[in-house]
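Q: have a look at this fold, sequence not included:
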């Protein structure tokens, strides 16, 4: 006989009634989304280091014709770095721990500030190097794909949690009815 805290399984493989009352749930996190985030972590690290070296080179050796371009470059990069760190945290917690608020925060942070920062750093600076355009295009594609799979994952999480809530409400109503009838 195998004893556990919640069940006892006999020789015939039959479980006692305490096993029947254990909550069951499906895993609704997305492996595709997790792989995308994992891949983006490494690409973002390369993007971070490459852009940091190029920004330092641009600030030290180039003369900007517009002070606005000079003022926007470094803060936009810093916002991108901080936003990317927060996005990775929210994506990890939201997907693997199946939390809707964190997944929503991930999607919102992808739309703003990440997309505008990547667009500016890759395509709208005063001095654009081929590295800026190529890595900006790859990062933009990754962000759009993450948005798509993040939305699908969020949709699945909401459906699963709604079904669990509905099931709990039905169980409570059934218990109340059985108490009233007995």
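A: Nice, I can see it. Here the structure is a predicted model, which is why all the values come from computation and not from measurement.

Q: can we go C-alpha only for contacts and neighbour counts from here?
A: OK.

Q: against which helices or strands is the top helix by length along the chain packed?
A: In the chain, with assignment by DSSP state H, the single longest helix is helix 130-181. Contact here means 3 or more C-alpha pairs under 8 Å, 6 or more residues apart in numbering; DSSP states H and E; on that basis helix 130-181 packs against helix 31-61, helix 100-109, helix 115-119.

Q: as TSV, those helices with distance to residue 71 and mean pLDDT would be great.
A: Below are these laid out as TSV (distance: least, C-alpha to C-alpha, whole Å; pLDDT from 0 to 100):
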stretch	distance to residue 71	mean pLDDT
helix 31-61	10	95
helix 100-109	23	96
helix 115-119	14	96
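
Q: specify the stretch among those helices that is closest to residue 131.
A: Nearest of the helices and strands packed on helix 130-181 to residue 131, taken as C-alpha to C-alpha: helix 31-61 at 8.3 Å.

Q: got the buried residues for that closest one?
A: By 16 or more other C-alpha atoms under 10 Å, the buried positions in helix 31-61 come out as 33-34, 36-37, 40, 44, 47, 51, 55, 58.

Q: turn those into JSON lines, including distance to residue 150.
A: Converted to JSON lines, these look like this (distance: C-alpha to C-alpha, whole Å):
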{"residue": "33", "distance to residue 150": "6"}
{"residue": "34", "distance to residue 150": "9"}
{"residue": "36", "distance to residue 150": "10"}
{"residue": "37", "distance to residue 150": "10"}
{"residue": "40", "distance to residue 150": "13"}
{"residue": "44", "distance to residue 150": "18"}
{"residue": "47", "distance to residue 150": "21"}
{"residue": "51", "distance to residue 150": "26"}
{"residue": "55", "distance to residue 150": "30"}
{"residue": "58", "distance to residue 150": "35"}
